[in-house]
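S.K.: Sharing a model prediction with you, sequence too.
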Amino acid sequence: MVEFQRDGRIARIFLNRPQKVNAFDTALLDALAAALQKVEDSVHVVVLGGHGKAFCAGADVRELESLDEQSARVFIGKIHHVCDAVRRLPMPVVARLHGAVIGAGLELAAACDIRVAAKGTRFAMPEVRLGIPSVVEAALLPRLIGSGRAAWLVLTGESIDAERAYEWGLVENASDELDRAVSQTVDSLLAGDPAALRVQKELLQMWDEQPLATSVAASIERFAQAYTIGRAKVRKEH
């Protein structure tokens, strides 16, 4: 249900339930969690995508219909677990988005560091139309696009296209040539120092979650640490 590929410094993970538009059920969530655990420390960049017509159509409606209060907590906990696992990977994660990015699929995309979408992709958070709120990593949306736009998505359930998603800052690139755009993004990341990229990802998350003074103090410490032997590549010019 999940395809894992390793190509040198790049790991690629693809949701592979195309007959259900990669909608999350328990089995797919467990398979994705297992695939994320396969990412070795030697990987420099992870690409996360989906096979078939869409990246992910959200949670499987059939499974949602079967939930009660207790099982609902377990199921939504699994969605949070995979999103958090993506965020906690030490290396940058690039989301390769196409077709539809809906509900929990959008939460997974939001957990990635950089999002690249094919033109024509649709984005939506339609949970309120199913009688449930958008939760867990939907909390990342105000940080990405602002509180008003996040409110519009989760309160109306309406969709936006890739061009609007780019205008709002939900994706960093909306391209007619998705694989080329993803490859260019990966190449840009691979040009960076792997250790510095990991520190930068850690700092980016800290900037989101911690007070300004805490973030600045930690940034100063990480900058100084980069000058330990063998880390900083800055050299004086003579």
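M.R.: Happy to help now that I have it.
S.K.: Would you check that Gln96 makes contact with Phe55?
M.R.: For the record, residue 96 is Arg, not Gln. Yes: contact between Arg96 and Phe55 holds when scored by CB atoms under 8 Å: they sit 7.3 Å apart. Every residue, glycine included, has its C-beta placed from N, CA and C.
S.K.: Which one's more surrounded, these two?
M.R.: For Arg96 and Phe55, the more surrounded residue by other CB atoms under 10 Å is Phe55, and the numbers stand at 30 against 24.
S.K.: can you pull the pLDDT of that one?
M.R.: As predicted, Phe55 sits at a pLDDT of 98.
S.K.: repeat for Thr228
M.R.: On the pLDDT scale, Thr228 gets 81.
S.K.: Name the residues contacting each of Arg96 and Phe55.
M.R.: Shared contacts of Arg96 and Phe55, defined by CB atoms under 8 Å, 6 or more residues apart in numbering, are found at Gly49.
S.K.: For this structure, just list every one of the strands.
M.R.: For the chain, strands defined by DSSP state E occupy the ranges 2-7, 10-15, 45-50, 93-97, 100-102, 114-118, 122-124, 159-161, 173-175.
S.K.: between the lengthiest helix in the chain and strand 10-15, what angle do the directions make?
M.R.: Longest helix of the chain, by residue count under DSSP state H: helix 69-88. Between helix 69-88 and strand 10-15, the angle formed by their directions is 160 degrees, by axes from the mean of the first three to the mean of the last three CA atoms, to 10 degrees.
S.K.: Leaving out the residues flanking it, which one is nearest to Ala27?
M.R.: In space, and not counting its chain neighbours, Ala27 is closest to Met1: 6.0 Å by CB to CB, 6 or more residues apart in numbering.
S.K.: isn't that neighbour right up against Leu28?
M.R.: Yes: using CB under 8 Å as the test, Met1 is close enough to Leu28 to be in contact (4.9 Å).
S.K.: quick one: which of these two has more around it?
M.R.: Neighbour tally, Met1 and Leu28, criterion other CB under 10 Å: the higher count belongs to Leu28, 23 against 17.
S.K.: show me what contacts that one?
M.R.: Contact partners of Leu28, counting by CB under 8 Å, 6+ apart, are 1-2, 15, 17, 22, 60.
S.K.: switch the cut-off to 6 Å
M.R.: 1, 17 (CB atoms under 6 Å, 6 or more residues apart in numbering).
S.K.: For the spatially most central residue of the chain, give its distance to Gly131.
M.R.: Among the residues of the chain, Cys112 comes closest to the average C-alpha position under CA atoms, centre = their mean, at 2.1 Å. When CB to CB, to the nearest Å is applied, the distance between Cys112 and Gly131 equals 28 Å.
S.K.: ditto for Glu177
M.R.: 39 Å.
S.K.: These two: who's more crowded?
M.R.: Neighbours per residue, other CB under 10 Å: of Glu177 and Gly131, the larger number sits with Glu177, 11 against 7.
S.K.: The residue nearest to the centre of the chain touches Val93, doesn't it?
M.R.: Yes: counting by CB atoms under 6 Å, Val93 is a contact partner of Cys112 at 4.5 Å.
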